[in-house]
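> pasting the sequence and the predicted coordinates here, then a few questions.
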Amino acid sequence: MTPIEHAIMTRMEMNETNDCSVLAVAMACRIDYHLSHVALKMAGRKNRQGVFPEHIKKATENLGFTLGPVIRPKQANGSKYTPRTIGQQFPAGRYLAFSRGHVFALIDGEAQDWHKGRRYHIIKVQEIKE
């Protein structure tokens, strides 16, 4: 079972929804879903609700990680990247990729998300550093 499959099973057991941030932090930081859930709860997230970027920043810092500077990627023709194409721009490393109302982990150019094939426009990307 892959880490993302394990996290999705855990979220179902916990009856959790609107938890893309929990999954993204777990995948990007290489931690268990439960630990990510607790860290975001301590940062202000309520069960079955989304978060603000400040909650993610606080949770990752409490876990011993830092977020790199905000990158607002655009393609050469001026269009925005999507989960399908963002890996071209960030082929190595661990990142959080944000779109409107959604966040997912981008690890070594691969979107770690159940919305992997969707066409959400990526608004910003931040590297996760230990």
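It's in. Numbering: from 1, shown residues only.

> the bottom helix or strand of this protein by mean pLDDT?
In the chain, the helix or strand scored least confidently by mean pLDDT, DSSP states H and E is helix 3-13, which has a mean of 84.

> quick one: mean pLDDT over the next helix or strand after it.
Toward the C-terminal end, the helix or strand that comes next after helix 3-13 (DSSP states H and E) is helix 20-29. Per-residue pLDDT over helix 20-29 has a mean of 95.

> still on that earlier bit, next, the angle helix 20-29 makes with the least confident helix or strand of the chain.
Orientation check (axes from the mean of the first three to the mean of the last three Cα atoms, to 10 degrees): helix 3-13 against helix 20-29 gives 150 degrees.

> where does the chain dip in pLDDT?
115-117 (pLDDT under 70).

> can you give me the strands in it?
Remark: strands assigned in the chain by DSSP state E are 66-67, 94-99, 102-107, 110-112, 124-129.

> now these as CSV including distance to Asn15 and mean neighbour count?
Placement of C-beta: from N, CA and C, glycine included. Below are the strands of the chain laid out as CSV (distance: least, Cβ to Cβ, whole Å; neighbours: other Cβ atoms under 10 Å):
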stretch, distance to Asn15, mean neighbour count
strand 66-67, 29, 14
strand 94-99, 25, 24
strand 102-107, 20, 23
strand 110-112, 22, 20
strand 124-129, 27, 18
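
> show me what counts as buried in the least confident helix or strand of the chain.
For helix 3-13, a neighbour-count test (16 or more other Cβ atoms under 10 Å) marks Pro3, Ile4, Ala7, Ile8, Thr10, Arg11 as buried.

> for the nearest residue to Ser21 once chain neighbours are set aside, give its distance to Arg119.
Spatial nearest neighbour of Ser21, chain neighbours left out: Val51 (4.7 Å); criterion: Cβ to Cβ, 6 or more residues apart in numbering. In this view, Val51 and Arg119 are 23 Å apart by Cβ to Cβ, to the nearest Å.
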